[in-house]
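Undergrad: quick one, what's the 3D model for this:
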Amino acid sequence: MLKRLRSSPDKELRILLLGLDNAGKTTLMKKLASEDVSHITPTQGFNIKSVQADGMKLNVWDIGGQRKIRPYWRNYFEFTDILIIIIFFNGMRRGGTKHPTSHFNQYKFSIHNPHTTYI
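TA: Numbers count the residues shown, from 1 in each chain. Predicted structure coming up:
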């Protein structure tokens, strides 16, 4: 994926990590930045890290997944090049949810950037 996006002249990408609380967004962000992941605390609001990879600058945005923060997710979609939705599913139902992806259905048409890559 980065090879395809690397052809972009600006060589800087904004990556947005979304997922419910405790899904592993912060862990993924810290792994991308080669940081220690032995002590992770819940994200209150958001975290941003800039990471160099293959000659590109990746601006990784980790948005908290708590119920009170989810209504604000749509505020982060603008200028996003890559959207990664992290779903940790252990077989247990969560808050009456029928399917682990049902929390994201309301956002599927919120991103209007035709160049955004979805993962």
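Undergrad: okay, CA-based contacts and neighbour counts for the rest of this
TA: Fine.
Undergrad: longest helix in this structure, please.
TA: Using DSSP state H to define each element, the chain has its longest helix at helix 25-32.
Undergrad: from the contact counts, what lies against that one?
TA: strand 12-19, strand 46-53, strand 56-63 (3 or more CA pairs under 8 Å, 6 or more residues apart in numbering; DSSP states H and E).
Undergrad: mind putting those into CSV with distance to Tyr72, mean pLDDT and mean neighbour count?
TA: Putting the helices and strands packed on helix 25-32 into CSV (distance: least, CA to CA, whole Å; pLDDT from 0 to 100; neighbours: other CA atoms under 10 Å) gives the following:
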stretch, distance to Tyr72, mean pLDDT, mean neighbour count
strand 12-19, 11, 93, 22
strand 46-53, 11, 94, 14
strand 56-63, 9, 95, 21
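Undergrad: could I get those strands as TSV with distance to Ile69?
TA: As requested, these are exported to TSV (distance: least, CA to CA, whole Å):
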stretch	distance to Ile69
strand 12-19	11
strand 46-53	9
strand 56-63	8
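Undergrad: closest one to Thr27 among these?
TA: Thr27 lies closest, by CA to CA, to one member of the helices and strands packed on helix 25-32: strand 56-63, at 9.6 Å.
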